[in-house]
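[1] Fold the following and give me the result.
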Amino acid sequence: MSEFTNVFFRNMTEKEFNDFSEEEIRSYADELIKSGYRKLKITAIKASRKEYNETFPQGYHTPENYFYVIQNDKNEDVGKIFYQTHYEKKDVAFITEFVINKEHRNKGYGKSALKKIAEDAKEKGYKKMGLNVFLHNNISYPMYLKDGYKVIEEIDGNAIMEKDL
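    A predicted model of the protein is given here:
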C-alpha cells in the first residue's frame with residue numbers, strides 16, 4: 001500500500017458529533033489515567049467532560065470549529081477529525097479530535113487525513129496547524145513528528161505540537 005491512501009472529508013452531522021463526543025469523553029478520561037495525570041476514573045471523567053465543554057461550549061454549534069468524518073474511496077467512514085481556531089493564536093488551526101476507527105488503522109488513512117486537514121486549514125487562511133498528543137501514544141506521536149510537527153511545549157505527559165502550513 002502506498003504511503004498515502006485517498007481520503008475524503010464530509011461534514012459531520014450534529015447527531016454524529018454528540019454520539020462521538022460521549023465516546024471521546026470516556027476515551028480521554030482513560031488517557032488521563034494512563035498518563036498519570038488522574039488516578040481515579042470518576043475524577044478523570046469529570047476532568048475530561050469539563051475540558052470537552054470548555055473546548056466546545058456550544059457543542060456542534062461552537063464557532064470556528066470544523067467537524068469532519070473521514071471516508072475512504074469506498075465511501076466507508078474510517079475516522080473523524082475536528083479542528084478549530086486556536087484560542088490565542090488566530091492564524092493556527094488546532095486539531096482537537098483525530099481518530100481512525102480501529103478496523104481501519106495501519107492502512108495509511110491517518111497520514112492521508114493529516115495531509116488533507118492541513119490543506120483544508122491552509123485554504124481557510126491558517127498559517128500553522130497545531131495539536132496536543134499524549135507522549136505515551138507511541139503510534140500518533142511519532143507519526144506527527146514524521147509529518148513535520150515540532151514540540152513547542154510539554155505539560156503533564158502531553159506534547160503540544162505545531163507545524164507550518
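[2] quick check: mean pLDDT across the helix or strand harbouring residue 113?
    Per DSSP states H and E: residue 113 is located in helix 109-123. Per-region confidence: helix 109-123 scores 97 on mean pLDDT.
[3] And the next helix or strand after it, what does it pack against?
    Remark: after helix 109-123, the chain's next helix or strand is strand 128-134, criterion DSSP H and E. Contacts defined by 3 or more C-beta pairs under 8 Å, 6 or more residues apart in numbering; DSSP states H and E place strand 128-134 against strand 92-100, helix 109-123, helix 140-146, strand 158-164. Backbone N, C-alpha and C define where each C-beta goes, glycine included.
[4] Neighbouring strands - and their directions - for the last one?
    Meaning strand 158-164. strand 128-134 (antiparallel), strand 150-155 (antiparallel) (DSSP bridges).
[5] contacts for the first one?
    For strand 128-134, contacts defined as C-beta atoms under 8 Å, 6 or more residues apart in numbering pick out 31, 34-35, 83, 86, 89, 91-95, 98, 117-118, 121, 140-141, 144, 149, 152, 157-165.
[6] what does stretch 153-165 contact?
    Outside stretch 153-165, the residues within contact range by C-beta under 8 Å, 6+ apart are 35-37, 92-93, 118, 121-122, 126-136, 141, 144, 147-152.
[7] 7 Å - rerun?
    35-37, 92, 118, 121-122, 126-136, 141, 144, 148-152 (C-beta atoms under 7 Å, 6 or more residues apart in numbering).
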